[in-house]
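A.B. asks: A structural model of the following input is requested.
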Amino acid sequence: MKIDWLKITLVGYLSFSLLGCNQIATPAAPNDTTAPASPQGDSTPMNSNSPTPAVSGLDNLIEKAKADLAQQLAISVTEINLTEATSVTWSDSSLGCPQEGMVYAQVLTPGYLILLEHGGNTFEYHASTSDSIITCENPFPPVPDIPNNT
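C.D. replies: Alright, predicted model coming up:
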């Protein structure tokens, strides 16, 4: 009896491939379903009396943004109010603040939009999910309707 290893290998490969196609991945349900998602991602509006959101790393980014603004305005950090911290997706690695002459990776980049308030003025900070924050004169908005899974 002669065994045709090519046919056995091909049948095995096709069977394995077809079995893999029957598995459907379903996205994990969010932990908090009490608030609807905003068009720009998960939004956490806040005022100075509400606690900072429990998003890993976001607390540090908010503090860095407050410290930067306090230094620019020559005021105390305690005079700055957090208006909003929103999880967003930026259109590229410039985080919505491209600078002329620079080249940025053209990939959707998860991050945060942080809005601070002082003296009736709102100050916009853009952040990555790591440790960088920036503010710019002509900010680009985040990509609409793309939730961030951070």
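A.B. asks: mind listing the strands for this structure?
C.D. replies: Assigned by DSSP state E, the strands in the chain fall at 43-45, 81-90, 109-118, 121-128, 133-134.
A.B. asks: So for the third one, mean pLDDT?
C.D. replies: Looking back up the chat, that one is strand 109-118. For strand 109-118, mean pLDDT rounds to 96.
A.B. asks: Check the last one too.
C.D. replies: What strand 133-134 shows for mean pLDDT is 94.
A.B. asks: Note down every partner strand of that strand and its orientation.
C.D. replies: strand 121-128 (antiparallel) (DSSP bridges).
A.B. asks: quick one, the strand it pairs with and strand 81-90 angle?
C.D. replies: 40 degrees (axes from the mean of the first three to the mean of the last three CA atoms, to 10 degrees).
A.B. asks: which parts of strand 121-128 are buried?
C.D. replies: By neighbour count on 16 or more other CB atoms under 10 Å, the buried set for strand 121-128 is 123-128. Where you see a C-beta, it was placed from the backbone N, CA and C, and this is true even at glycine.
A.B. asks: Quick one: mean pLDDT over it.
C.D. replies: For strand 121-128, the mean per-residue pLDDT is 96.
A.B. asks: returning to what we had before: make a markdown table from the buried residues of strand 121-128 and add distance to residue 72 to it.
C.D. replies: Converted to a markdown table, these look like this (distance: CB to CB, whole Å):
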| residue | distance to residue 72 |
| --- | --- |
| 123 | 9 |
| 124 | 13 |
| 125 | 11 |
| 126 | 15 |
| 127 | 16 |
| 128 | 20 |
